[in-house]
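*Asks:* Sequence and computational prediction follow.
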Amino acid sequence: MGADAATVTPPRESMGGAKDEDLADGFSLGEVFGGSKAHSGYTYDDIIVLPGEIDFGVESVTLESKVTRKISLRTPFVSSPMDTVTEATMAIGMAQHGGLGIIHYNMPIEDQVAEVRKVKTYKNGFISDPVVLAPHNTLSDLDAVKEKYGHYGIPVTIDGRLHSKLVGIVTKRDVDFQEDRSVLVDSVMTKDVVTIQEPVTLAQANARLADCKKGKLPVVNADGELVSLISRTDLRKARDYPLSTVAASGSLLCGAAVGTRPNDRIRLAALVEAGVDVVVLDSSQGDSCFQKDMVRWIKSTYPLLQVIGGNVVTRQQAKHLIDAGVDGLRVGMGVGSICTTQVVCACGRPQASAVYAVASYANSRGVPVIADGGVGNTGHIIKALMLGASCVMMGSMLAGTDEAPGEYFFQDGVRLKRYRGMGSLEAMSQGSDKRYFASQAKVKVAQGVSGTVPDKGPLATYIPYLRQGIAHGFQDMGVRDLDEMTSRAASGAIRVELRSPAAQKEGGVHGLHNYVLRTHAQA
Ligand SMILES: NC(=O)C1=CN([C@@H]2O[C@H](COP(=O)(O)OP(=O)(O)OC[C@H]3O[C@@H](n4cnc5c(N)ncnc54)[C@H](O)[C@@H]3O)[C@@H](O)[C@H]2O)C=CC1
Ligand SMILES: O=c1[nH]c(=O)c2[nH+]cn([C@@H]3O[C@H](COP(=O)(O)O)[C@@H](O)[C@H]3O)c2[nH]1
Ligand SMILES: [K+]
């Protein structure tokens, strides 16, 4: 390709009047990924995008995109269905920031259903799963709650459960001068509780709190049963989430993963009952009779449910799942940060080639592609979107945020969280070995590892950073949104080059004695 280009380049002195097309450096995506010399698979770091022309401000960039045929996201990010990445807190945070969380299924059906319910019933500013005590609890029990959650102001229901009759509230004032901690909550709690009845908006609740000057305001239904709680301190922190991914009913959108075993049909029925909006059929090799049967069954049983199939890395695999009826495809095999599949099974594909090949086919059939795995920075996300992905799915990028399951801990002075592959021995022994370890198999073969990732802080600062980084990349390329990206990529107006190993080194930080990598700061 380079030699051909050289032969048609006019002499330097005659180029002043050349048209833009004559000066197109680099290559179209088709030339790099589909050209006759393409015996190699490439990944994100192998390619670099040549800048375009900027004629708009970075604030004009929008990132709205589809994740399935029928669901759009304002932020094209999906969190992986992994047990160190996505449970309810992550799914709520992802949806609030315009993305989508997929609740993992390495847990009993009822636990996964409870996680989905938390997302679907979540109301910004309302505590939907407050700690509750019963009248027969003692002040020592109350002390234990205070120790664990750091606050008093606990609603008391007849049997100590949410959705039961509210009989009182026990606050710091009620117990301050009580020496005897064996006293029952019943004898000290305030029984004349100020409450607010459903349905109620945050603004109405806010007004009532301002009125009554209490710290906590229980929300009850018409039968006086406790539904949720509003706290004055939380209200002060409450903020708007204008990018939120919401259903027509106003609830946050929630995804969940399931497998393709017979028991997964029972699991799926329970998830649908809990209101799940989109289901991911979670497999490293999606082109199986098991998955195709499952897709057809879901589509005939729950025609409104959006189904994401995968994982796939070839156009043939994609065709088979699209023919079966999927609404979205997850692309990536063995490229995740914790994955050892390519090493163990020899199968997979470098991610840039996989995304380009599958997306160019799937998009022509109206099916969005999620580039899953191998995303380590905003440059990778931009490249995935340029290659035709509608969204990216991330594990390691999100596993260190506050919203990921698990606690932070320090190792060698660094604040970390645990992150592990769903095919690691550790995750399998927690539950996924039911899938991995066929009953007759004698050996467990791991396809992932278990490790740690550094603290990334809350999604509230991390996602805006990722979004802004992507917006700068779009601006450098001269594209305002994904539609423009898609049409410019298809016409060959977006130009890329392959990078040699030395060029990749040059593109990173180099030649310094030492440095501190700081990725973003609040303006
Ligand atoms: N994206 C990737 O590169 C990879 C992802 N993973 C993750 O690890 C987890 C497990 O992945 P997999 O092992 O691929 O799970 P899987 O459930 O698709 O497969 C496990 C084994 O069960 C078999 N199987 C599935 N349904 C069956 C049925 N109805 N009857 C009989 N056999 C059936 C499969 O053929 C396979 O041998 C997932 O969370 C996946 O996302 C694992 C490896 C690679
Ligand atoms: O080979 C694998 N063995 C595993 O144990 C494993 N667990 C997860 N995954 C896949 O990796 C994706 C997350 O990758 P990142 O950390 O790079 O975002 C996820 O979204 C999955 O596609 C696995 N792949
Ligand atoms: K890997």
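*Replies:* On my side now, so go ahead. Keep in mind it's a predicted model, so treat the numbers as computed, not measured. Ligands and ions are numbered 1, 2, ... in the order given.
*Asks:* residue in the stretch 51-200 of the chain nearest to ligand 1?
*Replies:* Of all residues in the stretch 51-200 of the chain, Pro81 sits closest to ligand 1, at 6.3 Å by Cβ to the nearest ligand atom. Heads up, the C-betas are built off the backbone N, CA and C, glycines and all.
*Asks:* Which element, helix or strand, includes that residue?
*Replies:* Assigned by DSSP states H and E, Pro81 falls within no helix or strand.
*Asks:* Enumerate the residues of this structure near ligand 2.
*Replies:* Near ligand 2, the residues belonging to the chain are 80, 82, 311, 332, 334, 336-341, 372-375, 393-397, 421-424, 447-448 when assessed by Cβ under 6 Å from any ligand atom.
*Asks:* Check these for burial and list the buried ones.
*Replies:* Using 16 or more other Cβ atoms under 10 Å as the burial test, the residues of the chain next to ligand 2 include 80, 82, 311, 332, 334, 336-341, 372-375, 393-397, 421-424, 447-448 as buried.
*Asks:* Let me see the contact set for Glu53.
*Replies:* Contact analysis of Glu53 by Cβ atoms under 8 Å, 6 or more residues apart in numbering lists Gly478.
*Asks:* ditto for His472
*Replies:* Here His472 is in contact with Val58 (Cβ under 8 Å, 6+ apart).
*Asks:* Could you find the closest non-adjacent residue to the residue of the stretch 51-200 of the chain closest to ligand 1?
*Replies:* In space, and not counting its chain neighbours, Pro81 is closest to Ala257: 3.4 Å by Cβ to Cβ, 6 or more residues apart in numbering.
*Asks:* The one you found bridge partners, please.
*Replies:* Val280 (DSSP bridges).
*Asks:* Offset the numbering so it begins at 598, please.
*Replies:* New numbering, starting at 598: the last item is Ala854.
*Asks:* Regarding the protein, what is its longest helix?
*Replies:* For the chain, the longest helix by residue count, based on DSSP state H, is helix 1056-1074.
*Asks:* tell me the mean pLDDT for it?
*Replies:* Per-residue pLDDT over helix 1056-1074 has a mean of 97.
*Asks:* buried stuff in that helix?
*Replies:* For helix 1056-1074, a neighbour-count test (16+ other Cβ under 10 Å) marks 1056, 1059-1060, 1062-1068, 1070-1074 as buried.
*Asks:* and which of those is nearest to Asp652?
*Replies:* Nearest to Asp652, judged by Cβ to Cβ, of those is Gln1072 at 9.8 Å.
*Asks:* The closest one: what's it in contact with?
*Replies:* Gln1072 touches 651, 653-655, 658, counting by Cβ under 8 Å, 6+ apart.
*Asks:* cool, Ser1021 as well?
*Replies:* Contacts of Ser1021 by Cβ under 8 Å, 6+ apart are 935, 1043-1047.
*Asks:* What sits closest to it if chain neighbours are left out?
*Replies:* Residue nearest to Ser1021 in three dimensions, not counting chain neighbours: Gly1045, with 4.1 Å by Cβ to Cβ, 6+ apart.
*Asks:* Phi first, then psi, for the one you found.
*Replies:* With angles defined as degrees, to the nearest 10, Gly1045 sits at phi -160, psi 170.
*Asks:* ok, now how distant is it from Pro1051?
*Replies:* 19 Å (Cβ to Cβ, to the nearest Å).
*Asks:* Also Arg1015?
*Replies:* 12 Å.
*Asks:* coming back round to it: of the contacts of Gln1072, grab the buried ones for ChimeraX.
*Replies:* To isolate the buried members of the contacts of Gln1072 in ChimeraX, using 16+ other Cβ under 10 Å:
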select :658
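*Asks:* Across the sheet, point out what pairs with the most centrally placed residue in the chain.
*Replies:* Closest to where the C-alpha atoms of the chain average out (Cα atoms, centre = their mean) is Ser676, at 1.9 Å. For Ser676, the beta-bridge partners under DSSP bridges are Gly698, Met991.
*Asks:* Model confidence score at it, please.
*Replies:* In this prediction Ser676 is given a pLDDT of 98.
*Asks:* List the residues that contact it.
*Replies:* Ser676 sits next to 682-683, 687-688, 691, 696-699, 990-992, 995 when contact means Cβ under 8 Å, 6+ apart.
*Asks:* What of Gly1066?
*Replies:* Counting by Cβ under 8 Å, 6+ apart, Gly1066 touches 975, 978, 1117.
*Asks:* could you redo the last one with a cut-off of 6 Å?
*Replies:* Going by Cβ atoms under 6 Å, 6 or more residues apart in numbering, Gly1066 touches Thr975.
*Asks:* From Gln1072, how far out is it?
*Replies:* On the measure of Cβ to Cβ, Gly1066 and Gln1072 end up 11 Å apart.
*Asks:* Tell me if I am right that Asn908 is in a strand.
*Replies:* Yes. With DSSP: H, G, I helix; E, B strand; the rest coil as the criterion, Asn908 is part of a strand.
*Asks:* Asp837 versus that one, what's the distance?
*Replies:* From Asn908 to Asp837 the distance is 36 Å (Cβ to Cβ).
*Asks:* now do Val713
*Replies:* Note on Val713: its distance to Asp837, by Cβ to Cβ, is 24 Å.
*Asks:* Show me which of those two is the more surrounded one.
*Replies:* The neighbour comparison of Val713 against Asp837 (other Cβ atoms under 10 Å) goes to Val713, with 24 against 9.
*Asks:* what's downstream of the longest helix of the chain, the next helix or strand?
*Replies:* Counting by DSSP H and E, the next helix or strand C-terminal to helix 1056-1074 is helix 1079-1088.
*Asks:* neighbouring contacts of the following helix or strand past that following helix?
*Replies:* Going down the chain from helix 1079-1088, the next helix or strand is strand 1093-1095, by DSSP H and E. Contacts of strand 1093-1095 from elsewhere in the structure, counted by Cβ under 6 Å, 6+ apart, are 623, 629, 643-646.
*Asks:* likewise stretch 1039-1049?
*Replies:* 935-938, 941, 1013, 1015-1018, 1020-1023, 1034.
*Asks:* out of those residues, what pair is the most spread apart?
*Replies:* Leu1013 and Phe1034 (29.1 Å).
*Asks:* So those two - more neighbours on which side?
*Replies:* Leu1013 (18 against 15).
*Asks:* Could I get the contacting residues of the residue of the stretch 598-747 of the chain found nearest ligand 2?
*Replies:* Here the residue of the stretch 598-747 of the chain nearest ligand 2 is Ser677; by Cβ to the nearest ligand atom that distance is 3.4 Å. The contact partners of Ser677, by Cβ under 6 Å, 6+ apart, come to 990, 992.
*Asks:* Would you check how far apart it and Gly1045 are?
*Replies:* Ser677 is 12 Å from Gly1045, where distance means Cβ to Cβ.
*Asks:* What are the boundaries of the helices in the stretch 848-997 of the chain?
*Replies:* All helices of the stretch 848-997 of the chain, identified by DSSP state H, counting those that start in this stretch, fall at 859-870, 886-898, 912-921, 938-942, 948-961, 975-983.
*Asks:* Just send those helices back as CSV, with distance to ligand 1 and mean pLDDT too.
*Replies:* What follows is the helices of the stretch 848-997 of the chain, written out as CSV (distance: least, Cβ to the nearest ligand atom, whole Å; pLDDT from 0 to 100):
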stretch, distance to ligand 1, mean pLDDT
helix 859-870, 6, 97
helix 886-898, 4, 98
helix 912-921, 12, 98
helix 938-942, 4, 93
helix 948-961, 10, 97
helix 975-983, 14, 98
